[in-house]
Structure formats: structure tokens, C-alpha cells
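In: 3D, please:
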Amino acid sequence: PRPLAAAGPTGATLTAGAEPARASSGHAGPGGSAGQVDPARASSRRARLRASRYTGHVTDDMKRLGRPTVTDIIDELQWRGLLAQHTDLAALREHLASGPVTFYCGYDPTAPSLHHGHLVQLIVMRHLQLAGHKPLALVGGATGQIGDPRQSGERQLQPTEVVQGWAQKLRDQISRFLDFEGPAAARMVNNLDWTQQMSAIDLLRTIGKYFRVGTMLNKDIVARRIASDEGISYTEFSYQVLQANDFLELFRRYGCTLETGGNDQWGNMVGGVDLIHKVDGADAHVMTTPIITKADGTKFGKSEGGAIWLDPQMMSPYAFYQFWLQVSDEDVVRFLKIFTFLDRARIEELEAEVAARPHQRAAQKALAAAVTSMVHGDQELARVQAATKALWGGGDMKELDEASLRAATADLPRASVPLGEASVADALVAVGFERGKSAARRTVASGGVSVNNVRVSDADAPLTESDALPGSLVLLRKGRKNLAVVELV
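Out: Here you go, the predicted model:
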């Protein structure tokens, strides 16, 4: 949702699990005026909460993914660790309880793919949709050309045609996570549709007049950038106005009354709530997810190759699966709640497994399987599990297709040797496992070498067509943990 920056805004003090204070600027916030709650209204609220429980919203997807065992979508999101800040919590509960709510989340095409941070928002959207609410997935064809301010440095502006191409790729990715049919059907929208129609005069007269420069300057990222050597351009400074206008437009066009997003977007999101209240006199709501961190406090979601992309061309399904498989015992239960739809009973079973038999990594395997299936599909999951078993569990290497094999061995040492001429000993030297053929022969004689998971005894045997896996590759193993790839040319 929008670019995922690292820090939240100054003054963002409304946190999950506690009733937030009423807003003090101009109006009392979407919950209405501060003060005592009307008993009649409270009774009506409780009745609507009872009526809005998941009963009646059950779909085949909910049965397949695991129907929530709690009675309120807010409770479900809180239990999963998917709720950080929000506008008035009682008002938000009441609003969601009162009937299907149209909500939105925005995704800017600042790269050709979504990543794991956007995945959190897609999961929140799916939870809300499964509870009967109607998603609007906004692709920022306009805001993607501007760029949300980052902690440091201006974003490089991309050509319009590049941004529009990336926008289409994001649309394709988002469409796999939501249901576009039925009573809670999702809708794709693009903010270029209304933003490009506005003149500079329109923007300043109809939207800009409602923003106070002092408030805009106090936004955490803006304040940091102003204090830095590079400063901030008016282009990025004005981004918050465009995002607020998106919420207003969606409110007017589709009756959208809730925005979801990452915690770093809190300031921009509240700006939309204020704009709707000032322009149309209506209440709206926002809620954010926390920035996902690991148990040691560091930000979660970087691999050796960079971001955890959802596009298989930017991060192979095998590498994606392996990333989730390597999650620590300290983090895995929390990530099962955040990144999967497994129900509470199943997650508690896996939590017990982590405590009793951590070496079996049952929770990590369940996490990797669930997220890979959700992002890449069951067929790709089966391929990467087969590749994982073949590489590390002694499975049949010849059952793998070339794409899975190359992805699974992408980070291994490799060398090329002539087909039919190079021996096993030559290959061991070529990949750097041994310094010379004499040492290679001794290692083979000791039973420490296998070719394609089959132990070899003749170090001078040539590598031939019969040894070649798809792509003319050979997997060479020394001991249990030393793997390399030899390409026969």
C-alpha cells in the first residue's frame, strides 16, 4: 500500500488494543463528539455486533482457508497482529458491524512487482472481504508518477509509460488475491482516472484550501526530509494531498468509508479522513498494520538478493519458498498468524510443535507452503517442494523440470566441463571442492561423493549424457552439505 516507508508519523498514538483518545483538531473524529455514550446507542451497537458475526458470510474460501474462530473481524485482525493504529475503535467496530462496508487500499507502481509488505495489505483486504466487506484495490497510476517521500533522498521519477506498464502488472498481481464476483465483489480502480482530469486551479481551489501547511510540515517523514541536507521537493511534499483526495473520490464514487494500509501511511490516511469530514461533513475510518519486524527488532523481509518480490521473474518460487522456510523459531508462530489463513486451532498445534520438536521445523514448513501456495499456486508449490526434497532430502533429481532445477541451484557453486570427457574427479576440482585429482580420488574412494544423489565409487568415470539432468546439469555433492552444479558442454 503505497510505498512502504520505515517510520510512522509523529503524533500517531492510536494503538490497537486500547480505546484511542478523541481527535482534538477541528472535529471530534469519525467516532462523533467526545463525551458519554448514549445507552440506547450502545445497546443498538451490541445488537449490530451480534448480527454481523461471521455467520452468514461463510464462503467456500473460508472453509478452505479456515473460518475465523472469533466473532468480530477486528478481534480476528488483532489476534493475528494485523492491527496497529486506527481511528476511534468503538466507532470502527460499530461501522463494520452495521453492514457491508466499502473499503480501499492503495498500491503505487513504483516497481514492476509487489513485495511481501504489500502482501500483508492484500491479506488484510482478503480477511475483510471474507467477512462480507467490499474491497476497492487502488493502483496509483497518478501517485505512482509522484512517489511518496522516503526517509532519505528523492525518488527517481519514471517515464509515464513505464509507470503505466508497472500499474498493469500490479493489477494482474492483486487480482489473484481477491474475489471479483458475488455480493462482496472487489473492484479495481486507478487514481489516474480522476487525478488527470484536475487542473492545477481545481486542485488548489477544491482540495488544497482544506490543508494547513503547518500540519503538512509536521508529518514525520516531511519533517525529517526538511531537516536533511537534500530537503524535499514540492512534488513529494504534495503527495499527501493526492492520497487524501483519493479517499474523498472513492467516498463519493463508491461510498468508501474505510482505508487500510501500512503504519507508515498513518499521516496520509488521516489526512483523507479529515478531508472527507471538512468537504462533505461525513465520517470515515482508517486502520493500519504494523511494520513487520523480527524478534530481534530488525525489519523483516530482506533476502540476499534484495526484497521479497511476488513476481516469479524477480524472485523464483523456489527462492521464495526457501525464504519462508528459514524463518526463526522465535518468529514463525507470529508470521503464521500474519501471513496465512490457517485457523487458530491449527496455529496452536504448530506452536506446540515448535516447543516440543523445533528441529523438525513443522511450523516453518507449514508457513512456507501456505504463503507459496497463496502467491504462486499449488502447482508451483509442488515443484519447489520436490526440488527441496531432491536437493536436501535425497529425492529423484531426474523428476525435476529445468526451470525448477535452475532456480533451486541458482546460488550454488558451478562450473562447466566437456561432456563425455571430464571425469567425476575433474568436476570436483572444477567446482573447487578439491585442489587436485589425487585428493578428488581419495574423497571418492572414501564414499564421500555423489552425482545426482547417487554415491559414486569410480573417480575417473566420465560424465556422460546419462548423467545429465534437464538443462545438461549435474548435481555434485561432497559430504552432506557441500553442493555444486556442473554444466556439461
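In: Spell out the residue ranges of the helices in the stretch 251-400 of the chain.
Out: 266-280, 317-325, 329-339, 344-356, 362-376, 378-392 (DSSP state H, counting those that start in this stretch).
In: which stretch in these is the model least sure about?
Out: The stretch with the lowest mean pLDDT among these is helix 378-392, at a mean of 87.
In: Could you list every helix and strand in contact with that helix?
Out: Here helix 378-392 is seen to pack against helix 317-325, helix 362-376, helix 402-408 when contacts are counted using 3 or more Cβ pairs under 8 Å, 6 or more residues apart in numbering; DSSP states H and E. For every residue, glycine as well, the C-beta is placed using N, CA and C.
In: nearest to residue 185, of these?
Out: Minimum separation from residue 185 across the helices and strands packed on helix 378-392 (Cβ to Cβ) falls at helix 362-376, 19.9 Å.
In: any residues touching the closest one, and which ones?
Out: Contacts to helix 362-376, defined as Cβ atoms under 8 Å, 6 or more residues apart in numbering, come from residues 119, 177, 310, 312, 317, 320-322, 324-327, 329, 332-333, 335-336, 339-342, 346, 350-351, 353-354, 380-381, 384-385.
In: ok, of those residues, which come out buried?
Out: By neighbour count, with 16 or more other Cβ atoms under 10 Å, the contacts of helix 362-376 hold 119, 177, 310, 312, 317, 320-322, 324-325, 327, 332-333, 335-336, 339-342, 350-351, 353-354, 380-381, 384-385 as buried.
In: where does this protein dip in pLDDT?
Out: 1-71, 302-305, 393-395 (pLDDT under 70).
In: For the spatially most distant residue from the centre of it, which three-state class applies?
Out: The centre of the chain is farthest from one residue, residue 438, which by Cα atoms, centre = their mean lies 50.7 Å away. State at residue 438, reduced to three classes by DSSP: H, G, I helix; E, B strand; the rest coil: helix.
In: Could you number the chain from 432 rather than 1 from now on?
Out: In the new count, where the first residue is 432, that last one comes out as residue 869.
In: roughly how far apart are it and residue 662?
Out: 65 Å (Cβ to Cβ, to the nearest Å).
In: I figured residue 920 hits residue 850, correct?
Out: Yes: using Cβ atoms under 8 Å, residue 920 is in contact with residue 850, at 6.3 Å.
In: Find residues that contact each of the two.
Out: Shared contacts of residue 920 and residue 850, counting by Cβ under 8 Å, 6+ apart, come down to residue 903.
In: More neighbours: those two, which one.
Out: More neighbours surround residue 850 than the other of residue 920 and residue 850, with 17 against 9 (other Cβ atoms under 10 Å).
In: Can you give me the neighbour number for the spatially closest residue to that one that is not a sequence neighbour?
Out: Nearest residue to residue 850, sequence neighbours excluded (Cβ to Cβ, 6 or more residues apart in numbering): residue 919, at 4.1 Å. The local packing of residue 919 (other Cβ under 10 Å) involves 21 other residues.
In: so what's residue 534 up against?
Out: 556, 559, 564, 565, 566, 567, 687, 688, 689, 690, 691.
In: Quick check: which element contains it?
Out: Using DSSP states H and E, residue 534 sits in strand 533-538.
In: packing partners for the next helix or strand after that strand?
Out: For strand 533-538, the following helix or strand on the C-terminal side (DSSP H and E) is helix 547-561. Counting contacts by 3+ Cβ pairs under 8 Å, 6+ apart, helix 547-561 packs against helix 491-496, helix 504-510, strand 533-538, strand 565-570, strand 687-693, strand 716-720, helix 760-770.
In: Alpha carbons of helix 547-561, as PDB, please.
Out: The C-alpha coordinates for helix 547-561 follow below in PDB (Å, rounded to 0.1, in the frame of the first residue of the first chain):
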ATOM      1  CA  HIS A 547       6.000  -9.100   1.000                       C
ATOM      2  CA  GLY A 548       5.000  -5.700   2.600                       C
ATOM      3  CA  HIS A 549       2.200  -5.300   0.100                       C
ATOM      4  CA  LEU A 550       1.200  -9.000   0.700                       C
ATOM      5  CA  VAL A 551       0.300  -8.000   4.300                       C
ATOM      6  CA  GLN A 552      -2.200  -5.500   2.900                       C
ATOM      7  CA  LEU A 553      -3.600  -7.900   0.400                       C
ATOM      8  CA  ILE A 554      -4.200 -10.400   3.300                       C
ATOM      9  CA  VAL A 555      -6.000  -7.800   5.300                       C
ATOM     10  CA  MET A 556      -8.200  -7.000   2.300                       C
ATOM     11  CA  ARG A 557      -9.000 -10.700   1.900                       C
ATOM     12  CA  HIS A 558      -9.900 -11.000   5.600                       C
ATOM     13  CA  LEU A 559     -12.200  -8.100   5.300                       C
ATOM     14  CA  GLN A 560     -13.700  -9.500   2.100                       C
ATOM     15  CA  LEU A 561     -14.300 -12.900   3.700                       C
END
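In: Return the set of buried residues in that helix.
Out: Buried, per 16+ other Cβ under 10 Å, within helix 547-561: 547-561.
In: re earlier: mind checking which of the helices and strands packed on helix 809-823 is nearest residue 845?
Out: helix 833-839 (10.3 Å).
In: Need the contact partners of the closest one.
Out: The contact list for helix 833-839, computed with Cβ under 8 Å, 6+ apart, reads 747-750, 814-815, 817-819, 821-822, 828, 831, 900-902, 904.
In: could you redo the last one with a cut-off of 6 Å?
Out: Contacting residues not belonging to helix 833-839 are listed as 747, 749, 814, 818, 822, 900, 901, 902 [Cβ atoms under 6 Å, 6 or more residues apart in numbering].
In: okay, these in a markdown table with neighbour count and distance to residue 668 next?
Out: Listed next are these as a markdown table, based on neighbours: other Cβ atoms under 10 Å; distance: Cβ to Cβ, whole Å:
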| residue | neighbour count | distance to residue 668 |
| --- | --- | --- |
| 747 | 22 | 39 |
| 749 | 26 | 42 |
| 814 | 23 | 47 |
| 818 | 27 | 48 |
| 822 | 21 | 50 |
| 900 | 20 | 55 |
| 901 | 15 | 53 |
| 902 | 15 | 51 |
